[in-house]
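Asks: Sequence and computational prediction follow.
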Amino acid sequence: MRNSIRMAAQACAAVSSLSMILALATPAAAQSAVGDSAWPKVGTETQVDFEYDHLSPKHDRDGGALNIQAGQQTLIELDNRWSVSNLLTLQPMQSLQPGDHRVLADHGLFAEELFARWNNQRVNIKVGKFAQNFARAWYLTPGLYGQDIVGDYALGETLGAEAQVMLGDETFGLHQVSASAFMADRTILSESLFYNRGRLTRDAGGSANTSGLKSFVVSYDATNVPVGHAALDYQISLASLGHGVDGDKDERRGSAGFNFNIPLNGSVEETLRGRFSELRLLAEAVRIDSADGISGQRRDYLIGAVEYQRGQWVFDLTASDRRSMDPFAPAVHDKLQSVAIGYSLPSDMVVAVGLAHEVIGGQDGILVGLQVSQTLTTCDRCLIRGRHY
């Protein structure tokens, strides 16, 4: 394990090199368009993570894996209303299992998002492949392992259309209502290069894997709602997912969550000295009825996180809980608690270590990880959904 962690630590230089290669591979227009008033404008943001994870199950063999996860978003602004966005993702296609010993194995490159957008500052409409606006903890929860359980209710890899409408002015924060209709992606975009995960088919079943746009999400989002000197974000969302060929009932979902950002020391002088500090709280609850399109199946999720930032240092605590109920099988209670510490370098590189205890399917184990993350950007409006770590 010690040798593997040293190997991951040496990946710092490799992260910077790979990020630079991806950025230089972007067309020259992407570099020159920033700040230029001429249309079209092209910008990119690239984030590359090298991560080593060591798994120690209580009743099985230890396993370890050194992986890369990279995302590159390209935003092409055709004019002040029309734009096209693409997110390419490179990541391992197989999850870490007991007894595994892998180094940069089974990685696939795929188009996670590809959509066109029209907006007039108050109304946004997008069509194509994108993640649905249902719940937020699956991409906002901090730490190396904070998203491991809640990530399975993310509604990504879907084709559809979404409309967002901004409400009122910004006096009491930004408020919007959104609605979308979608289906699972079964096009060539569901495949991956290098390690091909294969194209999704109708016969594979699953929620939202339907013959048309038979799944829907409606959400209400509020951002930067002032609460004294703090800022509150929250979301309430509902979803209905059409059942696939292996189901008998449409899946119903509901979520409610918030994150609360509380500045503790945010004066200009303290910020310039690197002493800025902030406390961030996050909580979310999700209920899924007729889970996977099967009558009687149900899953409940609860996630909580506390993050403290002081200067370049960030400290995270997370806890997540998943309860799965089936009328024909015993209930399953999965849970995960994690802690992480991260440090931001001046070069937009983040180095983080994490520790987690998980109980999945009745089997418990310990996860230890080291991650090095590098971000390069030529785009002030690009935002790869998620966290540095």
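Replies: Yes, it's here. Numbering: from 1, shown residues only.
Asks: May I ask which helix or strand encompasses the residue nearest in space to the middle of the chain?
Replies: Nearest to the geometric centre of the chain sits Tyr139, at 3.2 Å (Cα atoms, centre = their mean). Using DSSP states H and E, Tyr139 sits in helix 137-140.
Asks: try Asn209
Replies: Of the helices and strands defined by DSSP H and E, none includes Asn209.
Asks: need the contact list for it.
Replies: Neighbour list for Asn209: 183-184, 186, 200, 202, 244-245 [criterion: Cβ atoms under 8 Å, 6 or more residues apart in numbering]. All C-beta atoms are positioned from the backbone trio N, CA, C, and that covers glycine.
Asks: what do you get if the cut-off is 6 Å, keeping everything else the same?
Replies: The contact partners of Asn209, by Cβ atoms under 6 Å, 6 or more residues apart in numbering, come to 184, 244.
Asks: Local confidence estimate at it?
Replies: Looking at Asn209, its pLDDT reads 96.
Asks: hang on, the earlier thing: strand partners (parallel or antiparallel) of the next helix or strand after the helix holding Tyr139?
Replies: Downstream of helix 137-140, the first helix or strand assigned by DSSP H and E is strand 158-167. Strand pairing for strand 158-167, using DSSP bridges, gives strand 123-130 (antiparallel), strand 174-184 (antiparallel).
Asks: Output the first one as PDB, restricted to C-alpha atoms.
Replies: Only the C-alpha atoms of strand 123-130 are listed here, as PDB (Å, rounded to 0.1, in the frame of the first residue of the first chain):
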ATOM      1  CA  VAL A 123     -35.500  31.800 -20.100                       C
ATOM      2  CA  ASN A 124     -33.100  29.000 -20.800                       C
ATOM      3  CA  ILE A 125     -33.900  26.200 -23.200                       C
ATOM      4  CA  LYS A 126     -31.600  23.300 -23.900                       C
ATOM      5  CA  VAL A 127     -31.900  20.200 -26.100                       C
ATOM      6  CA  GLY A 128     -29.600  17.300 -26.400                       C
ATOM      7  CA  LYS A 129     -27.700  15.000 -24.000                       C
ATOM      8  CA  PHE A 130     -27.400  16.400 -20.400                       C
END
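Asks: Tell me the buried residues in it?
Replies: Within strand 123-130, the residues that count as buried by 16 or more other Cβ atoms under 10 Å are 124, 126, 128-130.
Asks: Show me the two of the residues you listed that sit farthest apart.
Replies: Largest separation among those by Cβ to Cβ: Asn124 and Lys129, giving 16.3 Å.
Asks: Surely Ala222 touches Tyr234?
Replies: Yes - counting by Cβ atoms under 6 Å, Ala222 does reach Tyr234; the two are 5.3 Å apart.
Asks: hmm, back to that, take the strands paired with strand 158-167 and lay them out in CSV including mean pLDDT and distance to Thr89.
Replies: Below are the strands paired with strand 158-167 laid out as CSV (pLDDT from 0 to 100; distance: least, Cβ to Cβ, whole Å):
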stretch, mean pLDDT, distance to Thr89
strand 123-130, 97, 12
strand 174-184, 97, 17
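Asks: Going along the chain, name the helices of the stretch 251-389 of the chain.
Replies: Under the criterion DSSP state H, counting those that start in this stretch, helices of the stretch 251-389 of the chain are mapped to 268-272.
Asks: Could you list the low-pLDDT ranges of it?
Replies: The stretch 251-389 of the chain contains residues with pLDDT under 70 at 266-274, 380-389.
Asks: For it, which segments are assigned as strands?
Replies: 251-265, 277-289, 298-310, 313-326, 329-344, 349-360, 363-377 (DSSP state E, counting those that start in this stretch).
Asks: Which other helices and strands does the shortest one contact?
Replies: When you say that, I think you mean strand 349-360. Contact analysis of strand 349-360 by 3 or more Cβ pairs under 6 Å, 6 or more residues apart in numbering; DSSP states H and E lists strand 329-344, strand 363-377 as its packing neighbours.
Asks: backbone phi and psi for Gly156, please?
Replies: With angles defined as degrees, to the nearest 10, Gly156 sits at phi -100, psi 180.
Asks: Quickly note the distance from it to Ala135.
Replies: Using Cβ to Cβ, to the nearest Å, Gly156 is found at 12 Å from Ala135.
Asks: between these two, who's got more neighbours?
Replies: Per other Cβ atoms under 10 Å, whichever of Gly156 and Ala135 has more neighbours is Ala135, with 28 against 17.
Asks: picking that back up, got the strands paired with strand 158-167 as TSV, with distance to Glu284 columns?
Replies: Shown next, in TSV, are these (distance: least, Cβ to Cβ, whole Å):
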stretch	distance to Glu284
strand 123-130	20
strand 174-184	17
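Asks: Make JSON lines out of the strands of the stretch 251-389 of the chain and add distance to Asp106 and mean neighbour count.
Replies: Shown next, in JSON lines, are those (distance: least, Cβ to Cβ, whole Å; neighbours: other Cβ atoms under 10 Å):
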{"stretch": "strand 251-265", "distance to Asp106": "29", "mean neighbour count": "18"}
{"stretch": "strand 277-289", "distance to Asp106": "29", "mean neighbour count": "18"}
{"stretch": "strand 298-310", "distance to Asp106": "27", "mean neighbour count": "19"}
{"stretch": "strand 313-326", "distance to Asp106": "25", "mean neighbour count": "19"}
{"stretch": "strand 329-344", "distance to Asp106": "23", "mean neighbour count": "17"}
{"stretch": "strand 349-360", "distance to Asp106": "20", "mean neighbour count": "19"}
{"stretch": "strand 363-377", "distance to Asp106": "18", "mean neighbour count": "20"}
